[in-house]
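Enquirer: Sequence and predicted structure, then a few things I'm wondering about:
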Amino acid sequence: MTLPKTPKTVMPNNSQIQETASQIRVNEISHRYGERLALNQLSFEVRSSEIFGLLGPNGGGKTTLFRLLSTLLPIQSGSASIAELDLATHARQIRTLIGVTFQSPSLDGKLTVQENLKHQAHLYGISGALMRERIQSALQHLGLTDRKHDLAESLSGGLKRRVEIAKGLLHSPQVLLLDEPSTGLDPGARHDLWKYLKQLQHEESVTILITTHLMEEAEHCDRLGILHQGELVALGTPDELRASVGGDCLTIHSDDLEQLSQQISAKFGVTPQTVNHSLRLEHPRGHELLKDLIDAFPELVTSVSLGKPTLEDVFIHETGHQFWQAEELV
Ligand SMILES: Nc1ncnc2c1ncn2[C@@H]1O[C@H](COP(=O)(O)OP(=O)(O)OP(=O)(O)O)[C@@H](O)[C@H]1O
């Protein structure tokens, strides 16, 4: 029997220990495609009005989890709920509460932007003045007003993405699920999207779950779950996750990594990780160790870089792989 996996959670400080209702609960969810285990006993909660990010390399299992939560895949093992409604028994009700933007395109290219939005509104039973108001608001917030009469097929990838997001917002969902929302958006459009998401969070108390493989996007989230090969390996705010790394990060290059690694272990009692043709060390006083390394092994060390931990470092710390390397492993 395998025990449920518990992600490493950084302890919250006192200001964070408060009663906050959870809008999304995932409890020991596993999912298989035939022999392949895509999700392995995942558990986490997303609090009300929180922006929660699932960060992971491609193939980590984000889309599978997303498809489960958006009621497109049946739950095989474990349980999950949205707004206290069980996904296994209340899928129909849950669909009215959630807005979903998938990675795969869903626009009708032969219809205009506005027509695409109208059809979406009708699917949710929205019409008349309310529909016009919602469409106008979505167009405005996503910078699409000038393009509303253009055919969807004539839009750039980034603009199509924005229309997809607008579709997901028309019925004023309580919970928004966005799968890789920034894919295809230029930096300006990304900035505007995030401004809008924060506005939805603060002014309309919308709970937002996004999946992303972009570190800079993950930085905008209130909390993050790091997903690697179907397992949640860490959970916390971006600051908490970075603080969990334990000091500065040193990346050391050498023509003979193996020998240098052995010598560092013997002399300093620390074992470097070998990551992408370099050695990696975490140390509370990195600047001192950097100097000591160069003094001790002038022939072996070709370069050393020192930095405060980033989310990429958190990923390496937890998995032993760089983010893009993990994508190649899938
Ligand atoms: N329909 C499917 N049949 C078989 N295997 C699948 C299927 N969908 C996903 N997988 C496998 O399950 C694992 C998780 O895939 P998933 O798409 O959930 O990851 P992801 O993190 O969302 O990646 P991406 O961003 O590339 O979609 C991968 O190993 C993938 O190959």
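Expert: Ah, there it is. Residues are numbered from 1 along each chain as shown.
Enquirer: tell me which parts of this protein are close to the ligand?
Expert: Tyr33, Arg36, Ala38, Gly56, Asn58, Gly59, Gly60, Gly61, Lys62, Thr63, Thr64, Val330 (Cβ under 6 Å from any ligand atom). Glycine gets a C-beta too; all of them are placed from N, C-alpha and C.
Enquirer: Go again with 8 Å.
Expert: 33-34, 36, 38-39, 56-67, 103, 179-180, 211, 213, 227, 229-230, 327, 330 (Cβ under 8 Å from any ligand atom).
Enquirer: Show me what counts as buried in stretch 34-49.
Expert: Neighbour-count burial for stretch 34-49, counted by 16 or more other Cβ atoms under 10 Å, picks out Ala38, Leu39, Asn40, Gln41, Leu42, Ser43, Phe44, Glu45, Val46, Arg47, Ser49.
Enquirer: Surely the second one and Gly230 touch.
Expert: Read it as Leu39. Yes. Using Cβ atoms under 8 Å, Leu39 is in contact with Gly230, at 4.7 Å.
Enquirer: what touches both of the two?
Expert: Listed as contacting both Leu39 and Gly230 by Cβ atoms under 8 Å, 6 or more residues apart in numbering are His31, Gly61, Thr64.
Enquirer: is it true that Gln93 touches Leu87?
Expert: No. Using Cβ under 8 Å, Gln93 makes no contact with Leu87, being 10.2 Å away.
Enquirer: show me the contacts for Val304.
Expert: Leu250, Thr251, Ile252, His253, Leu290, Leu293, Ile294 are the contacts of Val304 under Cβ under 8 Å, 6+ apart.
Enquirer: residue ranges for the helices of the stretch 1-150 of the chain, please.
Expert: 62-69, 91-97, 113-123, 128-141 (DSSP state H, counting those that start in this stretch).
Enquirer: Local confidence estimate at the residue lying closest to Leu55 once chain neighbours are set aside?
Expert: Nearest non-adjacent residue to Leu55, counting by Cβ to Cβ, 6 or more residues apart in numbering: Ala218, 4.5 Å away. For Ala218, the model assigns a pLDDT of 91.
Enquirer: backbone phi and psi for Ala218, please?
Expert: With angles defined as degrees, to the nearest 10, Ala218 sits at phi -60, psi -30.
Enquirer: Can you tell me how far the closest residue to Ile165 other than its chain neighbours is from Glu180?
Expert: Nearest non-adjacent residue to Ile165, counting by Cβ to Cβ, 6+ apart: Thr101, 5.1 Å away. Per Cβ to Cβ, to the nearest Å, Thr101 is found 9 Å from Glu180.
Enquirer: Kind regards, and thank you for your time.
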